[in-house]
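S.K.: Sequence and predicted model, in that order:
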Amino acid sequence: MTILMENGDGADAVAKGGMDVEVSLGDLRKQLDDFAKARGWEQFHSPRNLLLALVGEVGELSEIFQWKGEVPRGLPDWNVSEKEHLGEELSDVLLYLVRLSHMCGVDLGRAALSKIEKNAIKYPVGRDYSRAAAAASSKWSK
Ligand SMILES: Nc1ccn([C@H]2C[C@H](O)[C@@H](COP(=O)(O)OP(=O)(O)OP(=O)(O)O)O2)c(=O)n1
């Protein structure tokens, strides 16, 4: 599975013709493998440890938004340093997720594509999703 990494100001950079770098989950998995091997950290990268590290990073990500109230898409009022910090925490979450999946023997790209297909079946196009609460409930259509 390939994801697009945006250099610069996220969605704005793309709109302004900023450079995109293509990165595959496989690339990240391999780099994380090399990173852990080089430091003798494989012994610490058990599924449970990685899950706890992932949750910790989700906490750090949440702290960035904590007490700010709702923020508009694209975060137009955030400065470069705030966006850089956000990018770092998002990356920590992604990297631990990729590593955790690998250590659990799950092909994350394949699993994600399959889940998107299941989501599309569960939430078919054309239904009334105007009530957000209804769209979030798995029982709403039964
Ligand atoms: N045993 C470890 C420790 C770190 N990392 C990598 C994955 C994360 O991308 C990043 C996390 O590093 P830190 O634990 O230093 O966390 P932060 O970067 O968030 O630093 P801080 O908590 O000081 O803000 O390093 C790793 O793979 N295995």
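M.R.: Happy to help now that I have it.

S.K.: what about the longest helix along the chain, near the ligand?
M.R.: Once the chain is assigned using DSSP state H, the helix that runs over the most residues is helix 80-103. Yes - shown here: helix 80-103 in contact with the ligand (C-beta under 6 Å from any ligand atom) through 92, 95. To be clear about C-beta, it is placed using only N, CA and C from the backbone, and glycine gets the same treatment.

S.K.: ok and the helix or strand containing Gln31 relative to helix 80-103, angle-wise?
M.R.: Taking DSSP states H and E as the definition, one finds Gln31 inside helix 25-39. Helix 25-39 runs at 90 degrees relative to helix 80-103, counting by axes from the mean of the first three to the mean of the last three C-alpha atoms, to 10 degrees.

S.K.: Following element in sequence after helix 25-39, please.
M.R.: helix 47-65.

S.K.: Spatially nearest residue to the most centrally placed residue in the chain, not counting backbone neighbours?
M.R.: For the chain, the residue sitting closest to the mean C-alpha position, by C-alpha atoms, centre = their mean, is Leu94 at 4.9 Å. The shortest distance from Leu94 to any non-neighbouring residue, by C-beta to C-beta, 6 or more residues apart in numbering, is to Leu28 (7.3 Å).
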